[in-house]
Every structure is written in structure tokens, then in C-alpha cells.
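**Q** need a structure here:
(one chain, ligands or ions: 1)
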Amino acid sequence: MAVIQVEHVRKRFGNKDALEDVSFSIPKGEIFGFLGPSGSGKTTLIKILTAQLNPTDGQASVLGQPATTMQQSAQKMRFGILTDNSGLYERLTIEENLELFRQLYSLPKSSIDKVLQFVNLSGERKKKVNRLSKGMRQRVMLACAIIHEPELLFLDEPTSALDPVNSAHIYKGLRYLNEKGTTIFLTTHDMAEAESLCDRVAILYQGQIQAIGSPKELKKQHRENVVRVDLTNGEAYELPVTEGTADQIADWMKRGLIDRLATKEPSLGDIFIQMTGSELL
Ligand SMILES: Nc1ncnc2c1ncn2[C@@H]1O[C@H](COP(=O)(O)OP(=O)(O)OP(=O)(O)O)[C@@H](O)[C@H]1O
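**A** Numbering: from 1, shown residues only. Sure thing, here's the model as predicted:
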């Protein structure tokens, strides 16, 4: 059964559609990346899926229930969310912040130790949030989002503004959670992140999904009809796939001049730019 099912969702703000007609589904256990330029409606969709906004049209279900029920306490227990504005109490310590979530979800005391270990902040638990680096804050927010071991996790740009070491730490944690069964829905501007982490991605642009599939599938679909040839004398060529090119390659081969021959595969970033005509912001 799908953990998330979105059918023809449209969201209008004033006289403008943020989402025009969006449909997709996410099976249990997937890490799904939602990619799109700034302002393309990624956060709006997360808000619809977590009952912070109602769609103008269409319907969505999450964890087998209508998305509109996601703020009810039984459903709230089943998902976690990390967004830009996941509020932390600045003057409280890491531990005190987590204590509020522990009580909210009626969890045992041990859940705090466990999650602190998970985000590698056990040694910093007594530090006040306003004294933390960005990377540490992000890890505290992640800890708040996962302390109740949710079945489904929404992450809105989980590693934006983090250095590679902190990002790598978060990726490791997310993979581990996913292996234990958590389905993950994340938005990101970071194509390398999407490629290394996600089972499937969707590219959102102009209110619609322009492409959906595994990074590997999308790369295959958008493979350019170009071969790259490196010759043993150091020369390199990118040639169109034509009969003439095949004859030329056969000739080079006969003369033992070919060092390397490869089709040119686009990166996810190339595909994104192809689809949206814009660089990621
Ligand atoms: N409450 C609102 N009222 C009016 N317009 C809104 C509201 N929320 C979002 N929008 C508009 O909807 C569009 C989509 O915004 P959204 O925040 O979902 O984009 P995003 O893809 O998450 O962007 P970013 O990557 O920059 O976070 C934008 O044009 C935004 O200005």
C-alpha cells in the first residue's frame, strides 16, 4: 500500500496556482526526493500532506488516511517533520527541548538518550540552543523530528547550509532510519544529495511534475545521443551517434587508437536544468 498518494492536487493562492495538477504515489520504505526551483511549491505540498494547508482541488492520503487528518493525535504519532521553521526553544538546552517532545509523545525517558546518540549530540546535551552551530541545530531539529521513531519522515531541505561533514552525518542517519523501515519524503536543492540518497525523485516545475523516476532511470531517459571518445594520443571527441561516427570509431579501433569510449550521461543537475530551464537557487 502507498504511504503517500497524491491525486490531481491543485493549490491556488490568490489568483495564482502554486500547484496546478500534481499526482504521484510513494510506497512504504522509499526515500523520495521532491526537487524543484525556489517557489515551485515543494513546501506547499508538504504543508498539504501534513494538514497545515488544504488543497484547492484534488486529494491526498498519507499513511492510509486522508491528509486532512494528519494533525489529529493518532496520526501525529506516526510521522515526523523537519522544516526551516521547526521551532526550537532558544534559551532551553538540547535536552530540555527534547524533553518537550518526549512528553508530547508520552515516550520513556530513555528515548532522549537514544536519539541524542543517534544524532551524535550526547556530549552537548546540556548546551543551550542559542549557543549551537547551524549544523548542531539542524541535528537537534532532526532529533525532535525522529524521537518518536515515526513511520514517515518529511524533510524540507534537511541539509541546506550545512557543511559536507554535517551533511554526511545526516545522510548516514537517514539511511539508517530508512533501513529500519521509515519512509522518507525530502525536498532538496542539492542534486548530489538527491542522487546519492533517493530511490526516486520527482522534478516539480510550473505547478506540475515534469519527470519522475529513479535517478538512474531519469539519466537513461535523458541520455544524450553523443559518444565520447578518448584517443591514446590524448585527443578527445564528443561525436553524434551517426553512421559516420561508427565508421570513424571502427577506423580508430583498427589502428589501436582508442583509449576510452563512453556514452555521455547527464547528471541529475543537467536533467533539472533541461526540464526547468533554470539553475537551482
Ligand atoms: N500562504 C501563502 N500565501 C500566498 N502565497 C503563498 C503562500 N505560501 C506559498 N505561497 C506562494 O506559493 C509558491 C510556492 O511556494 P513554496 O514555498 O511552496 O515553494 P518552494 O518550492 O518550497 O520554494 P523554496 O525552494 O524557495 O522553499 C510561491 O510563489 C509562494 O510565494
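
**Q** burial of the closest residue to Gly135 other than its chain neighbours, as a residue count?
**A** What sits nearest to Gly135 in space, not counting adjacent residues and going by C-beta to C-beta, 6 or more residues apart in numbering, is Asn166, at 3.6 Å. (Glycine included, C-beta is placed from N, CA and C.) Asn166: 18 surrounding residues under other C-beta atoms under 10 Å.

**Q** Run through the residues that contact Asn166.
**A** For Asn166, the contacting residues are Lys134, Gly135, Gln138, Arg139, Thr159, by C-beta atoms under 8 Å, 6 or more residues apart in numbering.

**Q** Would you confirm that the fourth one contacts Phe118?
**A** No. With contacts defined as C-beta atoms under 8 Å, Arg139 does not count as touching Phe118, sitting 9.2 Å away.

**Q** So if I had to pick from these two, which one is more boxed in?
**A** A count of neighbours by other C-beta under 10 Å puts Arg139 above the other of Arg139 and Phe118, at 25 against 18.

**Q** Tell me how far that one lies from Leu82.
**A** When distances are taken as C-beta to C-beta, to the nearest Å, Arg139 and Leu82 turn out to be 10 Å apart.

**Q** Stretch 157-170 vs the ligand: in contact?
**A** No. On the criterion C-beta under 6 Å from any ligand atom, stretch 157-170 is out of touch with the ligand, staying 6.9 Å away.

**Q** secondary structure element for Ser111?
**A** Per DSSP states H and E: Ser111 is located in helix 110-118.

**Q** contacting residues around that helix?
**A** 94-95, 98-99, 102, 122, 125, 143, 146-148, 173, 176.

**Q** filter those by proximity to the ligand?
**A** Checking the contacts of helix 110-118 against the ligand (C-beta under 6 Å from any ligand atom), there are no matches.

**Q** Buried ones among the residues you listed?
**A** Burial by neighbour count, judged by 16 or more other C-beta atoms under 10 Å, picks out Ile94, Glu95, Leu98, Glu99, Arg102, Arg125, Ala143, Ile146, Ile147, His148, Gly173 from those.
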